[in-house]
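> okay, here's the prediction I keep looking at, along with the sequence it came from:
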Amino acid sequence: MSGQAKVSVVILAAGQGTRMKSKLPKVLHPIGGKPLLTHVIHTAAELAAVNTVVVYGHGGEQVKAKLADEKVTWVEQAEQLGTGHAVDQASPHINDDHIILVLYGDVPLIRSETLFDLVSKADEKTLALLTVHLDDPHGYGRIVRDQHSNIQSIVEQKDASDSELAITEINTGILAVQGKRLKDWLSRLENNNAQGEYYLTDIIAMAVADDCAVEAVHPDSEDEVLGVNSRPQLAYLERAYQRQQAEALMVQGVTVIDPNRLDVRGKVTVGKDITLDVNVVLEGDVHIADDAYIGPNCVIIDSHIGEGVQMQAMCVVDNAKVGAKSEIGPYSRLRPGAVLDGDNHIGNFVEIKNSVIGKGSKVNHLSYIGDTDMGAGVNIGAGTITANYDGANKHRTTIGDKASTGSNSVLVAPVKLGSETTIGAGSVISKDTPAGKLTLTRSKQVTIEGWKRPTKKKS
C-alpha cells in the first residue's frame, strides 16, 4: 500500500447467533465488559480509517441503540444471503481508491498491529488475506495453494473435497483490498454452492484470475481471529482477553497473584509495585498508585486508589477516591462520592456514601456514613450511623476535627458536631453539639423487681 492510500473499514455484524440461545444480539454479548462489536470498532479506529461501515441485521435497532455513540455508518442487511452479499450492502460507502478492510463484529481480539500489517500489503495489484494454521480446521474455509505455494482460492467446509478438508491453513475472513477491485468482484459473485449464499471468499479466485496477487498475513496468535458463536466460545475468549490484560499490567510492574483470576473491564492506569490478589475486578476508569495492595475478591469501579493503600478482602469501591496510606476493609463499601483524604482506616462492614472523610479519621466497624463532611482525626465508634434521609430529602452531617462518637450512636441530619466533641454511646443526636464537650442522650437504666419471664402454656 502506498503511503498516500486511505483506509475504510467494513464490519460485518448481521449474524443472528442462534447458538448463543439469547434474546441479545450476538455482537452485543460482552468481552471484558464491552460488547464484542465495540472491541472491533475501537480496534479499527486505531487505523485512522476515513469511514467505518457496520453492516447489521438481526436485532439491528438494539445494536444501534446500544452503540449510538460510536462514530460509524450503519447499513442494514435485510436478508442474510452470505458474506459477499453483506459486504455488497456497504458498496455505496466504498471509495474506489481506498483500501477496504473487512472485519467481523464477533471477532473481538484482533490486534491493530496485525491489521496495520495486513493493510500495508494491499494495493491495486494485491489483495491481502489474513490466514492461520489450526490443529483442528473443522468448520473453516480452507486456503488452496498451487505447487508454488501461491494462493489460488478458498473452499468452504461444506464444498470441500477430502483432500481439501485435510488442509490446515484456514481463512479468517479478514482481508484488505482496493475498493474498485472489491466492487467489481462483488458484482460478479454467484450463489451456486451448498449454502446457496454469496461467499466473499469467492473473490480470491477472481483476484487470481485477474492477475491480482493474493498475499497472506498471519496473526501472532489464533485467539486474534477466533469468533464467537456460542457461550463456550464467549467464555474462552473472555479468559484469553483477561490473560492479555493481566500480562499488560505485569509488564508495567504490577504483581498479579493469579493471572487467571483477574478481570479488567475498562481502562486501568497503574503505578509501580502494586499487588492484585485473586478475583479482583477492575471496571471502568480505574487509577491505582504505587505500592497499593488490593486484596482478594475486591471490586473497584471508576475510582482512584492512592499510594500505599491497603485494601483487604471483599471490598467494593465505586466512583470513590481513596487517599494515600489508607486501610480499607475487610468488607468495606465505598459508594459514589466517597472521598478519603488519606491515612484513613475504614473497617469491616462499613459503608460510606457521598462523604468526605478527613485525613487520619477512622470509621472502624459496622457503621454507615452518608452525606457527611468529616474533619481530620475523627474517630467513629462501632455501629454509628448518619440518618441522612427524612423520607423525602437528603441532609448533610458535619463532623469537626478530632470528634469522637461512642458506639451505637445515631446522628440525625442536618446536624453539626463541633471539633473535639464527644458523643456518648447509644446517643441519638438531633441538635448541633458544642466543641470540646461530652454530649449524650440516654434513658435511665431501670431494673424491674418481681418481673418474671413469660412461660409457654401447657397444652
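Looks like it arrived, so ask away.

> mind listing what's buried in stretch 5-17?
Across stretch 5-17, burial judged by 16 or more other CB atoms under 10 Å covers 7-15, 17. (Each C-beta comes from the backbone N, C-alpha and C, glycine too.)

> same question but for stretch 247-262, I mixed them up
Buried residues in stretch 247-262, counting neighbours by 16+ other CB under 10 Å, are found at 249, 254, 256, 259, 261-262.

> now for the residues you listed: which two are most distant?
The largest separation in the buried residues of stretch 247-262, counting by CB to CB, is between V254 and R261 at 14.2 Å.

> in helices only, show me the buried residues of stretch 247-262.
L249 (DSSP state H).

> any chance of the buried residues of stretch 247-262 in a markdown table, with distance to S404 too?
A markdown table is the format used below for the buried residues of stretch 247-262 (distance: CB to CB, whole Å):
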| residue | distance to S404 |
| --- | --- |
| L249 | 41 |
| V254 | 38 |
| V256 | 40 |
| P259 | 44 |
| R261 | 40 |
| L262 | 40 |
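
> for the buried residues of stretch 247-262, which one is nearest I151?
Set against I151, the nearest of the buried residues of stretch 247-262 by CB to CB is P259 (37.2 Å).

> after the helix or strand containing L37, heading C-terminal, what element do we hit next?
Here L37 sits within helix 36-45, counting by DSSP states H and E. Next in sequence after helix 36-45, counting helices and strands by DSSP H and E, comes strand 51-56.

> contacts for the following helix or strand past that following strand, please.
Past strand 51-56, further along toward the C-terminus, the next helix or strand under DSSP H and E is helix 60-66. Identification of contacts with helix 60-66 by CB atoms under 8 Å, 6 or more residues apart in numbering yields 13-14, 24-25, 27-28, 35, 37, 54, 56, 74, 76.

> hmm, 7 Å instead?
With contact meaning CB atoms under 7 Å, 6 or more residues apart in numbering, helix 60-66 is reached by 13, 25, 27-28, 35, 37, 56, 74, 76.

> so which bits of it are buried?
Here helix 60-66 shows 60, 63, 66 as buried, counting by 16+ other CB under 10 Å.

> between the residues you listed, which is nearest N344?
Distances from N344 to those, taken by CB to CB, are shortest for K66, at 38.6 Å.

> packing partners of the one helix or strand A128 maps to?
Assigned by DSSP H and E, A128 belongs to strand 126-133. Other elements packing on strand 126-133 under the criterion 3 or more CB pairs under 7 Å, 6 or more residues apart in numbering; DSSP states H and E are helix 112-121, strand 169-178, strand 213-217.

> angle of it against strand 169-178?
Strand 126-133 and strand 169-178 are oriented at 160 degrees to each other (axes from the mean of the first three to the mean of the last three CA atoms, to 10 degrees).

> and the next element down the chain from strand 126-133?
strand 142-145.

> what is the mean pLDDT for the helix or strand following that following strand?
Next helix or strand after strand 142-145 toward the C-terminus (DSSP H and E): strand 151-155. The average pLDDT within strand 151-155 is 93.

> cool, and stretch 377-387?
98.

> where exactly do the helices run in this structure?
Assigned by DSSP H, the helices in the chain fall at 36-45, 60-66, 83-89, 112-121, 162-165, 179-187, 203-209, 231-251.

> list the helices and strands the longest one packs on?
To tie it back to what came earlier, the one meant is helix 231-251. Where contact means 3+ CB pairs under 7 Å, 6+ apart, helix 231-251 is packed against strand 30-31, strand 254-256, strand 262-270.

> need those in JSON lines with distance to G179 and mean pLDDT, can you?
Output for those, formatted as JSON lines (distance: least, CB to CB, whole Å; pLDDT from 0 to 100):
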{"stretch": "strand 30-31", "distance to G179": "30", "mean pLDDT": "97"}
{"stretch": "strand 254-256", "distance to G179": "44", "mean pLDDT": "98"}
{"stretch": "strand 262-270", "distance to G179": "34", "mean pLDDT": "97"}
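
> quick one: closest of those to Q89.
When the helices and strands packed on helix 231-251 are compared by CB to CB, strand 30-31 sits nearest Q89, at 25.7 Å.

> show me the strands paired with the closest one, marking each as parallel or antiparallel.
Paired with strand 30-31 in the same sheet, following DSSP bridges, are strand 34-35 (antiparallel).

> roughly how far apart are H287 and P336?
Per CB to CB, to the nearest Å, H287 is found 16 Å from P336.

> kindly state the domain boundaries assigned to the chain.
Domain assignment for the chain by automatic domain parsing gives 7-225, 254-439.

> out of the ones you listed, which is closest to Y241?
For the domains of the chain, the distance to Y241 is smallest for domain 7-225, at 5.0 Å, taking CB to CB.

> endpoint to endpoint, that closest one covers what distance?
Terminal residues of domain 7-225 are spaced 20 Å apart (CA to CA, to the nearest Å).

> cool, stretch 179-196 as well?
Using CA to CA, one end of stretch 179-196 lies 25 Å from the other.

> if we can go back for a sec, the domains of the chain into JSON lines, with extra columns for distance to Q445?
JSON lines is the format used below for those (distance: least, CB to CB, whole Å):
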{"stretch": "domain 7-225", "distance to Q445": "54"}
{"stretch": "domain 254-439", "distance to Q445": "11"}
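
> worst mean pLDDT among the ones you listed?
Across these, domain 7-225 gives the lowest mean pLDDT, at a mean of 94.

> that one: how far from the chain's middle?
Offset of domain 7-225 from its chain centre (CA atoms, centre = their mean, to the nearest Å): 24 Å.

> please apply the same query to stretch 403-417.
Distance of stretch 403-417 from its chain centroid, counting by CA atoms, centre = their mean, is 40 Å.

> buried ones in it?
403-417.

> and those residues, which two are furthest apart?
The most widely separated members of these are S407 and P414, with 23.0 Å between them, by CB to CB.

> okay, the buried residues of helix 60-66 in TSV with distance to A160 next?
Putting those into TSV (distance: CB to CB, whole Å) gives the following:
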residue	distance to A160
G60	32
V63	32
K66	37
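
> quick check, nearest of these to L134?
Of all these, V63 has the smallest distance to L134: 29.1 Å, by CB to CB.

> thanks a lot, see you next time.
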